[in-house]
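Asker: Would you be able to build a 3D model of this:
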Amino acid sequence: MKYKEFKGMISKPIGLKVWICDYRLNSKSDLKPIRNIRPTLVEVVDNKELPKNKNVYYTDFHFRPISKKGKTLKQIIAPYDNTGYRSFSGTSVNIFLNKEDCIDCFKVQCSDVKKRYRMKISEIEEKIEEVEDIEQKFD
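Answerer: Now for the predicted structure:
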């Protein structure tokens with residue numbers, strides 16, 4: 001589920017442990033993921049606990065990963081990516097109450113990225129063929 005669904009479903013999420021993931025490319029022309037958050041167990045933390053030099057926009061809380069030993073880390077993961085502006089918040093991470101659903105979603109996102117990469121390869125191969133055709137005219 002996305003942030004808005006999560007917030008609507010759970011009225012007081014602070015302190016809750018949830019799973020998040022997000023793996024998407026920035027745009028059709030970009031080959032680098034805008035976010036690469038592998039399935040991660042996190043704690044929902046109130047933004048009042050942010051360091052003074054840190055801001056998280058469009059939401060009242062952020063996420064902090066939980067270590068293998070069960071400790072909440074200091075790393076901050078914002079619910080929204082940085083593609084937002086003014087009234088558009090960007091895209092939310094995927095939020096789950098269990099690990100299995102999170103992993104399933106992550107696999108689907110990876111498949112989508114692979115499809116886009118394969119489309120890019122096809123486009124490049126077509127361009128190479130065009131250049132080869134031009135080149136052959138001068139042989």
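
Asker: Can you point out the buried residues in the worst-scoring helix or strand of the chain on mean pLDDT?
Answerer: Ranked by mean pLDDT, DSSP states H and E, the helix or strand of the chain with the weakest confidence is helix 3-9, at a mean of 80. Buried residues in helix 3-9, defined by neighbour count with 16 or more other Cβ atoms under 10 Å: 3, 6-7. In this view, the C-beta of every residue, glycine as well, is placed from N, C-alpha and C.

Asker: Also stretch 72-80?
Answerer: 76-80.

Asker: Any regions of the protein where pLDDT drops low?
Answerer: Low-confidence segments of the chain, defined by pLDDT under 70: 28-29, 82-88.

Asker: picking up where we left off before, can I get the least confident helix or strand of the chain as CSV, trimmed to CA atoms?
Answerer: Only the C-alpha atoms of helix 3-9 are listed here, as CSV (Å, rounded to 0.1, in the frame of the first residue of the first chain):
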residue,chain,number,x,y,z
TYR,A,3,1.4,6.2,2.2
LYS,A,4,-2.1,7.6,2.0
GLU,A,5,-3.7,4.1,2.2
PHE,A,6,-1.4,3.3,5.2
LYS,A,7,-2.3,6.5,7.0
GLY,A,8,-6.0,6.0,6.4
MET,A,9,-5.9,2.4,7.6
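
Asker: Quick check: which element contains the residue nearest the centre of the chain?
Answerer: Computing the C-alpha centroid of the chain and ranking residues by Cα atoms, centre = their mean puts residue 22 first, at 2.8 Å. Secondary structure assigned from DSSP states H and E places residue 22 in strand 17-25.

Asker: and if you look at residue 121?
Answerer: helix 99-136.

Asker: Equivalent analysis for residue 42, please.
Answerer: strand 33-46.

Asker: which other residues reach the helix or strand following that strand?
Answerer: Downstream of strand 33-46, the next assigned helix or strand under DSSP H and E is strand 61-65. Outside strand 61-65, the residues that touch it by Cβ atoms under 8 Å, 6 or more residues apart in numbering are 13-14, 18, 20, 40-47, 50, 56, 72-79, 93.
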